[in-house]
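Asks: Show me how the following folds:
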Amino acid sequence: MDDDCVKCENSGVSSDTAENCCFGGEDGNRASSKEGKGKRWWKKVKYQLVEYHSLPGYLRDNEFIVGHYRSEWPLKQIFFSIFTIHNETLNVWTHLIGFFIFLALTIYTAMKVPKVVDLHSLQHLPDVLKRADLHKMQELMTCLPSMPSMSDLQRLRDELKMSLPSWHVLELLTNCLPGRFSHANHTDVCVLRSVKEDVANMIAPLLLRPITRWPFFAFLGGAMFCLLSSSTCHLLSCHSERFAYIMLRLDYAGIAALISTSFYPPVYYSFMCNPFFCNLYLSFITLLGIATVLFSLMPAFQNPEYRTLRACLFFGMGVSGVAPILHKLIMFWHQPVALHTTGYEMLMGTFYGLGALVYAMRIPERWMPGKFDIAGHSHQLFHVLVVAGAYTHYRAGLVYLKWRDLEGC
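Replies: Have a look, this model is predicted:
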């Protein structure tokens, strides 16, 4: 065996290539070069996008999306595909961006909303106190120690608020211990002018009654869970049938969580002074959400023929919120905040309902199959409408917080 044969055998190439190398050096090198090019070509072709008819059964969901599918890719290539173009790219990013939006809103709510509510609700109250009659302010001072401490004001606030809403506190203060200073001299007036602003600024912040925020943060958590689980599902489901099974159930659980927790702020803040109805509505929607998640665990639930059933089930969860909304309108028909929040909730329901309709009818791709594979198909429109509806509900939640902070029960 000559030196060329020894080199070929030691190089670790296949026996056929080694034979070609031994019995025809140049031909052997050409064969080895072709084999290397073939491997590189296969690596490029192996993870190419495929058409609908080439998909395994578990990935076939929408026959009107004709091409640009990923099919059974390794996880490494799947993670990198988040930055490439395929028919799931916008499905991933519409909800991933929505997740980061709501993450920012959650941080903002935790850090800024109490201060924002204070400023908006009390920005005119110190001026009202400063414009109050000086003699009435004298009478107010007789209600407090000569050097009122914060604990004194806190105690006074608690006693007053047991019977009257915040905006009626001023009326009570003006009737506090009348008579002693009913004929104040000029010196008393000058002294009161110097302390009036301090008294106003001390009392005004105490007129708020911050209420619990957990229902609002429950909604924000449900929204973030839904958006992140949906984005993850669209990214990873093409890996294998087992991954698709797990991811789809995670996606359905996220949708149920969003719908259920969306009820928490309006129900809790509308009926916080009526524990029976508050617990009744919260328990009903929570149990309905759990039942929906359990139903979604059935293997047949993910089949394409159940698409309309899935949409109707989640749509029914949303429609069940009509009862507490109507109840709220009946109870608080005389308050503008009831109409304000109901307007937001109707807009939210419109977004969700339109999204469910588009998803179930597969509009617009059913009209022009293959034309909306990359952008504009029903699932992407559904995602955008979900984010819009959730943000509308966030705005309604801010109105509820401000209302209850100011008025309590």
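Asks: Where does Ile374 sit, in terms of helix or strand?
Replies: For Ile374, there is no host helix or strand (DSSP states H and E).
Asks: Could you shift the numbering so residue one becomes 18, and keep it that way?
Replies: New numbering, starting at 18: the last item is Ile391.
Asks: For the spatially closest residue to Ala392 that is not a sequence neighbour, give me its contacts.
Replies: Nearest residue to Ala392 in three dimensions, chain neighbours excluded: Leu107, at 5.8 Å (CB to CB, 6 or more residues apart in numbering). Heads up, the C-betas are built off the backbone N, CA and C, glycines and all. Leu107 is in contact with Ile391, Ala392, Gln397, His400, counting by CB atoms under 8 Å, 6 or more residues apart in numbering.
Asks: now Ala270
Replies: By CB under 8 Å, 6+ apart, the contact list for Ala270 reads Ser246, Val310, Ser313.
Asks: Please point out which parts of the helix or strand that Pro282 is a member of sit buried.
Replies: Using DSSP H and E, Pro282 sits within helix 258-288. Within helix 258-288, the residues that count as buried by 16 or more other CB atoms under 10 Å are 260-261, 264-288.
Asks: Please apply the same query to stretch 367-377.
Replies: Using 16+ other CB under 10 Å as the test for burial, stretch 367-377 gives Phe368, Tyr369, Gly372, Ala373, Val375, Tyr376, Ala377.
Asks: Now do it: everything it contacts.
Replies: Stretch 367-377 has contacts (CB under 8 Å, 6+ apart) with 324-325, 328-329, 331-332, 335, 380, 395-396, 398-400, 402-403, 405-406, 409.
Asks: so of the contacts of Ala270, which ones are in strands?
Replies: Residues of the contacts of Ala270 located in strands (DSSP state E): none.
Asks: Check the secondary structure at the closest residue to Phe312 other than its chain neighbours for me.
Replies: Excluding the flanking residues, the one nearest Phe312 by CB to CB, 6+ apart is Phe318, at 6.6 Å. With DSSP: H, G, I helix; E, B strand; the rest coil as the basis, Phe318 sits in helix.
Asks: Can you say which of the contacts of stretch 367-377 are buried?
Replies: 324, 328, 331-332, 335, 395-396, 398-400, 402-403, 405-406, 409.
Asks: Mind checking which of these are in helices?
Replies: Among the buried ones among the contacts of stretch 367-377, the members falling in helices (DSSP state H) are 324, 328, 331-332, 335, 395-396, 398-400, 402-403, 405-406, 409.
Asks: can you tell me the helix or strand for the residue nearest to Ala392?
Replies: helix 106-139.
Asks: shaky segments in the chain?
Replies: Along the chain, segments meeting pLDDT under 70 span 18-63, 131-227, 319, 321, 324.
Asks: now the helix holding Leu107 and helix 258-288, what's the angle there?
Replies: Note on geometry: by axes from the mean of the first three to the mean of the last three CA atoms, to 10 degrees, helix 106-139 and helix 258-288 are set 20 degrees apart in direction.
Asks: Strands of the protein, start to end?
Replies: Going by DSSP E, the chain shows no strands.
Asks: per-domain residue ranges of it.
Replies: Annotated domains of the chain cover 20-61, 95-132+229-424, 142-224 [automatic domain parsing].
Asks: For the residue nearest to Leu237 when sequence neighbours are not counted, which residues are in contact?
Replies: What sits nearest to Leu237 in space, not counting adjacent residues and going by CB to CB, 6+ apart, is Thr123, at 4.6 Å. By CB under 8 Å, 6+ apart, Thr123 lies in contact with Phe234, Leu237, Gly238, Met241.
Asks: and what of His256?
Replies: His256 is in contact with Glu89, Trp90, Pro91, Leu92, Ile95, counting by CB under 8 Å, 6+ apart.
Asks: Quickly note the distance from it to Leu245.
Replies: Plainly put, His256 is 18 Å away from Leu245 if you go by CB to CB, to the nearest Å.
Asks: With Tyr369 instead?
Replies: Computed as CB to CB, the Tyr369 to Leu245 distance reads 18 Å.
Asks: And Leu120, by the same measure?
Replies: To Leu245, Leu120 is 9 Å away according to CB to CB.
Asks: who has more neighbours, these two?
Replies: Using other CB atoms under 10 Å as the criterion, Leu120 and Leu245 rank with Leu245 on top: 19 against 15.
Asks: Quick check: closest non-adjacent residue to that one.
Replies: Computed as CB to CB, 6+ apart, the closest residue to Leu245 that is not its neighbour in sequence is Phe116, at 4.7 Å.
Asks: these two touch, right, that neighbour and Ser246?
Replies: No - using CB atoms under 8 Å, Phe116 is not in contact with Ser246; the gap is 9.3 Å.
Asks: For Ala413, which non-adjacent residue is spatially closest?
Replies: Closest residue to Ala413 apart from its sequence neighbours, by CB to CB, 6+ apart: Tyr361 at 3.5 Å.
Asks: since we're on that neighbour, how many residues are nearby?
Replies: Residues near Tyr361, counting by other CB under 10 Å: 19.
Asks: Same question for Glu68.
Replies: Glu68, neighbours per other CB under 10 Å, totals 14.
Asks: Same check on Ser254?
Replies: Considering only other CB under 10 Å, Ser254 is surrounded by 23 other residues.
Asks: Return the residues in contact with it.
Replies: By CB under 8 Å, 6+ apart, the contact list for Ser254 reads Leu76, Phe260, Ala261, Met264, Leu265.
Asks: And it, how far from Phe233?
Replies: Ser254 sits at a distance of 32 Å from Phe233 (criterion: CB to CB).
Asks: just to revisit the earlier point, now, of the contacts of Leu107, which are buried?
Replies: With burial judged by 16+ other CB under 10 Å, the buried subset of the contacts of Leu107 is Ile391, Gln397, His400.
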